[in-house]
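Novice: sequence unknown, structure follows:
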């Protein structure tokens, strides 16, 4: 007897917590309340041919775990010929990081109207109008057809493996700003 009372109480509690209609006794049910005022609008109930409508619940999905110890590059396509295949960041003794971005058809410094790198919530401009200007945060820059290397004192903390490194760029003679990204592999 006690077991069935506990089960009934548990079911009533679950119905109340899940917000199912009729789960609470302190809210009046208009169809069961004989003293309902005539000014209240009657609630429409579905006919047997209509049936109650419900939104289907999407299936639960679990994220696919990444292999431990590896930062897999996930390149995004850029313009034809321009592609990024990987990126690494290595901590230096002066708290800067040397970033190496590998790819194909990356060009040279003079090929860019604008070249910016975004990582860990901060963005730094590497090239403006085909020129590199070193500053407190950005100390060195080298761009070859197969790689971009620069030394950066990141303002918002150290980059970590699997961070998203995003490049925003406009090449000389182009009017559109392009973006591409890759996952970072960081070492300290």
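Specialist: Nice, thanks for sending it over. Not measured: the values here are computed from a predicted model.
Novice: tell me the contacts of residue 151?
Specialist: Residues counted as contacts of residue 151 (C-beta atoms under 8 Å, 6 or more residues apart in numbering) are 92, 96-99, 138-140. In this view, the C-beta of every residue, glycine as well, is placed from N, C-alpha and C.
Novice: greatest separation within those residues: which pair is it?
Specialist: Distance extremes for these: the farthest pair is 92 and 138 at 13.5 Å, using C-beta to C-beta.
Novice: who's more crowded, the two?
Specialist: With neighbours defined as other C-beta atoms under 10 Å, residue 92 and residue 138 compare such that residue 138 has more, 18 against 12.
Novice: can you give me the pLDDT of residue 121?
Specialist: Predicted confidence (pLDDT) for residue 121: 86.
Novice: pLDDT below threshold where in the protein?
Specialist: Counting by pLDDT under 70, the ranges of the chain that qualify are 1-6, 8-81.
Novice: all strands for it, in order.
Specialist: Ranges of strands within the chain are 83-91, 97-104, 112-119, 122-128, 138-144, 147-152, 164-171, 178-187, based on DSSP state E.
Novice: now tabulate these in a markdown table and tack on distance to residue 158.
Specialist: Formatted as a markdown table, these follow (distance: least, C-beta to C-beta, whole Å):
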| stretch | distance to residue 158 |
| --- | --- |
| strand 83-91 | 7 |
| strand 97-104 | 7 |
| strand 112-119 | 10 |
| strand 122-128 | 12 |
| strand 138-144 | 16 |
| strand 147-152 | 11 |
| strand 164-171 | 13 |
| strand 178-187 | 7 |
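Novice: what sits against residue 155?
Specialist: Taking C-beta under 8 Å, 6+ apart, one finds 122, 137 in contact with residue 155.
Novice: re earlier: between the contacts of residue 151, which is nearest residue 159?
Specialist: residue 97 (6.2 Å).
Novice: can you report how many residues lie near the residue lying closest to residue 103 once chain neighbours are set aside?
Specialist: Using C-beta to C-beta, 6 or more residues apart in numbering and skipping the chain neighbours, the partner closest in space to residue 103 is residue 84 (4.2 Å). If you count neighbours by other C-beta under 10 Å, residue 84 ends up with 24.
Novice: from residue 108, how far out is residue 84?
Specialist: 16 Å (C-beta to C-beta, to the nearest Å).
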